[in-house]
Every structure is written in structure tokens, then in C-alpha cells.
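**Q** Need a 3D model of the sequence below.
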Amino acid sequence: MISLAGKLRGVDLTKLKISSPVSKLLKMNVGDALLINLYHDKRHLNQAVEDFRKLDLTEKQKAMLEFAEKLTLYPGKMEEDDVKSLRENGFSDEEILSITLITNYFNFVNRVANALGVDFSEEEIKGYKY
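**A** Now for the predicted structure:
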């Protein structure tokens with residue numbers, strides 16, 4: 001999507017028309033199509049923030065998110081079985097390390113910001129549970 005956006009630089013997206021994925025008879029401009037896609041993705045992101053278990057995810061994706069959630073909320077309760085669960089769901093040791101490092105990076109940055117009293121707008125903290 002980003003590479004496509006770069007190619008469209010300077011193009012008036014309100015004049016460029018495409019067919020709707022719903023019906024070939026329905027035409028819309030590319031700008032509106034991109035906005036619809038953006039809002040669709042944002043809706044899914046908001047659903048994930050509320051409770052990822054309600055989303056239509058694969059078992060592998062659920063296992064990853066459950067691992068990250070436990071690591072974030074209850075780091076002292078992590079056990080070897082948590083890693084085994086990821087392996088059983090098809091994650092390699094390298095992928096498990098990446099999941100762990102990424103989760104801990106975000107946890108670290110958020111805790112540093114909290115410790116230093118960084119102020120965030122309501123929009124920036126929407127969905128976070130402290």
C-alpha cells in the first residue's frame with residue numbers, strides 16, 4: 001500500500017475512478033476507496049484493542065496474542081509451557097524470541113514514559129489499560 005501511495009504522488013485521487021469490490025457497476029474515486037480501507041482497518045484495530053479474542057483469528061495468532069498479553073500483564077507468571085504453546089502453534093524459536101522482544105520493547109517504552117510523567121492525549125492512550 002505504501003509503495004502504491006508513492007506512485008500516486010501528485011495524482012488527484014478524487015478524479016481517478018475504480019470499481020468497487022462489492023459491485024463492478026459501482027465506481028468510486030481512489031481517495032474514497034483508500035479512506036474506506038483505512039476506516040475498515042481502524043475498526044478492526046479498535047476491536048483488537050477491546051478484546052482480540054472476539055476477532056476471527058487463527059489459533060496461531062491467538063496463541064501469540066495470549067503470550068504477549070500474559071507477558072505484559074503477568075510477567076512473573078510466565079512459564080516454559082507458555083513457550084511450548086507457541087511452538088505447538090507453529091512458531092520457531094526465532095519467531096518466539098521476536099515476539100518476546102517486541103512485546104517487551106513496547107512494555108519498556110510505555111513504562112519509561114509513565115515513570116517520566118509523559119503526558120499523552122486521550123487519543124494516544126485510547127485502548128490502553130494501566
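**Q** and after the strand or helix carrying residue 67, which helix or strand comes next?
**A** Using DSSP states H and E, residue 67 sits in helix 59-73. Using DSSP H and E, the next helix or strand after helix 59-73 towards the C-terminus is helix 80-88.
**Q** residues making contact with that next one?
**A** Contact with helix 80-88 is made by 63-64, 66-67, 70-71, 93, 95-96, 99, as judged by CB atoms under 8 Å, 6 or more residues apart in numbering. All C-beta atoms are positioned from the backbone trio N, CA, C, and that covers glycine.
**Q** This protein: strands as residue ranges?
**A** With DSSP state E applied, the chain shows strands at 17-19, 27-29, listed in chain order.
**Q** so what's residue 11 scoring on pLDDT?
**A** The model reports residue 11 with a pLDDT of 71.
**Q** number of nearby residues for it?
**A** Neighbourhood size, residue 11 [other CB atoms under 10 Å]: 11.
**Q** Residue 71 now?
**A** Residues near residue 71, counting by other CB under 10 Å: 17.
**Q** That one is in contact with residue 106, isn't it?
**A** No. In this structure residue 71 lies outside contact range of residue 106 using CB atoms under 8 Å: 10.3 Å.
**Q** Enumerate every residue touching residue 125.
**A** Here residue 125 is in contact with no residue (CB under 8 Å, 6+ apart).
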